[in-house]
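Visitor: Quick one: sequence plus predicted model below, questions after.
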2 protein chains.
Amino acid sequence: MTTTPEIQETVLNGVNVTRLGQTIEAIRQEPELAQFKFRTRNQWDLGTHNVATISDFYGTCQELQHKAPFVLNADEPPVLLGGDTGAGAAEYVLAGLSACLTGTLAYHASARGLKIEDIQSEYEGDIDLRGFLDIDPKVRNGYREIRVKFKVKGDLDEATVRELLSKSPVYDTLANPVRIKIDVETA
Amino acid sequence: MTTTPEIQETVLNGVNVTRLGQTIEAIRQEPELAQFKFRTRNQWDLGTHNVATISDFYGTCQELQHKAPFVLNADEPPVLLGGDTGAGAAEYVLAGLSACLTGTLAYHASARGLKIEDIQSEYEGDIDLRGFLDIDPKVRNGYREIRVKFKVKGDLDEATVRELLSKSPVYDTLANPVRIKIDVETA
């Protein structure tokens, strides 16, 4: 009987730190593995109700599928003339920011061997609808400011939390300009 | 028997155009009605899994509640060391953009009396993980570019579609910098 040598894997905060280290080393060797393309399709229903579906993406040099498609209903509340059947567009953006900051903290704290007991956070962003409604051209259409409050329990001090949060891809996506190219076909 | 005079309401593309016009007029008279604050709370679970909850917001000079809280599970796929139990953070951002561009088109086309038969759209955004993983400091952490394809059936020509899409709050939020203030409490 032969025994296969196995590498002992370290998991901290639910993150497989051994595989994280292997992933980073593989990307250092072959930067093309780091190129990801995330995707969404959207189908309008009626009024402010529309449905986004997320099923596939590209990464590590291959086309990949989620286990099952994620179907996200978007709508607006009655005060914005909608049926309130799903979160609003601007709320999905805050949810994405919250998921990214939280996940970034979990990844990078784990890579440094820092134990996390709990992470809670709150988000509030200001939109002045006079921009969107063409009432005042000096008012910007999107978020003017987003405020975030983090409560972290574990081995991390405030400076470390701030340093790790600053690595978040969605934080960068919102804090800095992104080039958006739109193609339009009408019938 | 008395009859109550009623205003006939016009609904186009599922948008109550009469109420939309009344809303715009009310905001012109009282700009404070246009100040909205959208919110999210996030609770980390384990590893890359966390849960965003959206339940209340502020607008039209009052605190408001959604009919029911919207609970959004966020996770990452196995290739990013997650359990794939929900859409990823960067995918939620694309979903928010898709909801906003689609909803913006529906609102503004309706306000102009343009009938829409169908709106479909596709989104793809590029992230180079060498930024997030601290492998190359010259690589940005967030989306480098987002490409969007719109297919619109109805009374709108391409120039009108482009003009209306440009009003989207989330488009502006992503295309232009947003100030993000982060408060951190550790224990």
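Guide: Nice, I can see it.
Visitor: So which residues of chain A form strands?
Guide: Here chain A has its strands, by DSSP state E, at A:11-12, A:15-16, A:35-46, A:49-59, A:62-74, A:116-128, A:145-154, A:179-186.
Visitor: Might you calculate how far the first one sits from the centre of the chain?
Guide: For strand A:11-12, the gap between its own C-alpha mean and the chain's C-alpha mean amounts to 22 Å (Cα atoms, centre = their mean, to the nearest Å).
Visitor: contacts for it?
Guide: A:17-18, A:110, A:113, A:115 (Cβ atoms under 8 Å, 6 or more residues apart in numbering or on different chains). C-beta coordinates here come from the backbone N, C-alpha and C atoms, glycine included.
Visitor: Need the single longest helix in chain A, by residues.
Guide: In terms of residue count, the longest helix belonging to chain A (DSSP state H) is helix A:89-111.
Visitor: Return the set of buried residues in that one.
Guide: A:89-111 (16 or more other Cβ atoms under 10 Å in any protein chain shown).
Visitor: Likewise for stretch A:13-21?
Guide: Those would be A:13-17, A:20, for stretch A:13-21 by 16+ other Cβ under 10 Å.
Visitor: how long is that stretch end to end?
Guide: One end of stretch A:13-21 sits 15 Å from the other (Cα to Cα, to the nearest Å).
Visitor: In helices only, show me the contacts of strand A:11-12.
Guide: A:17-18, A:110.
Visitor: Now flag whichever of those is closest to A:Val152.
Guide: A:Ser110 (13.4 Å; Cβ to Cβ).
Visitor: The closest one against A:Asn13, yeah?
Guide: Yes: the pair A:Ser110 / A:Asn13 is scored as a contact, 4.7 Å apart, by Cβ atoms under 8 Å.
Visitor: picking that back up, so which of the buried residues of stretch A:13-21 are also by chain B?
Guide: Among the buried residues of stretch A:13-21, the residues that sit close to chain B (Cβ under 8 Å from any Cβ of the partner chain) are A:13-16, A:20.
Visitor: any chance of these in CSV, plus pLDDT and distance to A:Glu124?
Guide: Listed next are those as CSV, based on pLDDT from 0 to 100; distance: Cβ to Cβ, whole Å:
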residue, pLDDT, distance to A:Glu124
A:Asn13, 98, 27
A:Gly14, 97, 28
A:Val15, 96, 28
A:Asn16, 96, 34
A:Leu20, 95, 32
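Visitor: ok, so of the residues you listed, who is nearest chain B?
Guide: Nearest to chain B among those: A:Gly14, at 2.9 Å, using Cβ to the nearest Cβ.
Visitor: List the residues that contact that closest one.
Guide: Per Cβ under 8 Å, 6+ apart, neighbours of A:Gly14: A:106, A:110, B:45-49.
Visitor: Going by neighbour count, which of those comes out on top?
Guide: Highest neighbour count within the contacts of A:Gly14: B:Thr48, with 28 neighbours (other Cβ atoms under 10 Å in any protein chain shown).
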